[in-house]
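> 3D, please:
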Amino acid sequence: MDAGGWEMDLGDRPPAERDGYRPPVRLALLLPLTGEMAAAAAPVRDGFMTGYHGENRRRPEVTFFDTHGTVGGALSAYDRAVAAGNDFVVGPLSREEVDALFRRGTLQVPVLALNRGNVDPPPGNASFSLSPEDAGLAAADRLLQEGATRVLAVVGNSDSQRRSAEALRARLADAGVEVAAVVTTAVTDFVP
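Okay, here's the model as predicted:
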């Protein structure tokens, strides 16, 4: 398959449907389910599973592998995913984990990494991430779709959250929506 220069071996997957839909048979999701990055992984996991359960066509068998948010954990999780017979891997999440995996060079099972690092993906693999600014713009667009006229933004105190908030504020201001205040909090996990 060639998707804009991204070529991968589809192995023994069933033939594609008319629209090209051809999911893996067994998919491994590599996320930090424990450790310091577990809070960041929770919305990724939940979003993935929402999309998964929203698909009415054939879906792959999905198995989660905990990376513990460490380079060693990510490499071990990838190896376990390959040994378990997965034909596609999504993850890992942190830049350091992605770089470590891509430094291996040729990978036995194709990877769609959930971040961009400093190491280019080996042929047949890809990485994807939204910048903090992209996340802020997406949130602003959603608020505009919902008809928001005045917004209070609550963000964590990290650089990426501040960058997201600034992009959100700028997009809403361009559309004439008032951002009443941006409240910064030390809380990093907003999920109840």
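> what residues of stretch 70-88 count as buried?
The neighbour-count criterion (16 or more other C-beta atoms under 10 Å) identifies 70-71, 73-78, 81, 86-88 as the buried residues of stretch 70-88. Every residue, glycine included, has its C-beta placed from N, CA and C.
> check contacts around the one residue sitting closest to the centre of the chain.
To find the centre residue of the chain, average its C-alpha atoms and take the closest one (C-alpha atoms, centre = their mean): that gives L114, at 4.1 Å. Residues in contact with L114, defined by C-beta atoms under 8 Å, 6 or more residues apart in numbering, are 44, 90-93, 98, 127-129.
> most neighbours, which of those residues?
P92 (33 neighbours; other C-beta atoms under 10 Å).
> ok, and the closest non-adjacent residue to it?
Of all residues beyond its chain neighbours, the one nearest P92 is A74 (4.1 Å), with distances taken as C-beta to C-beta, 6 or more residues apart in numbering.
> which residues does the helix or strand where the one you found lies contact?
Here A74 sits within helix 71-83, counting by DSSP states H and E. The contact list for helix 71-83, computed with C-beta under 8 Å, 6+ apart, reads 28, 30, 32, 35, 63, 65-67, 89, 91-92, 94, 96-98, 100-101, 104, 107-109, 111.
> list buried residues within those.
Burial by neighbour count, 16+ other C-beta under 10 Å: within the contacts of helix 71-83 this picks out 28, 30, 32, 65-67, 89, 91-92, 94, 96-98, 100-101, 107, 109, 111.
> which of these fall in strands?
Assigned to strands by DSSP state E, the following of the buried ones among the contacts of helix 71-83 qualify: 28, 30, 65-66, 89, 111.
> which two among those residues are spaced furthest apart?
D66 and V111 (16.7 Å; C-beta to C-beta).
> quick one: the residue nearest to G85 when sequence neighbours are not counted from D87, how far?
Excluding the flanking residues, the one nearest G85 by C-beta to C-beta, 6+ apart is R26, at 5.8 Å. Computed with C-beta to C-beta, to the nearest Å, the distance linking R26 and D87 is 6 Å.
> what of A175?
The value you get for A175 to D87, if C-beta to C-beta is used, is 44 Å.
> what ranges do the helices span in this structure?
Across the chain, reading from the start of the chain, the helices by DSSP state H fall at 38-54, 71-83, 95-102, 132-145, 159-174.
> with that, I have no additional questions.
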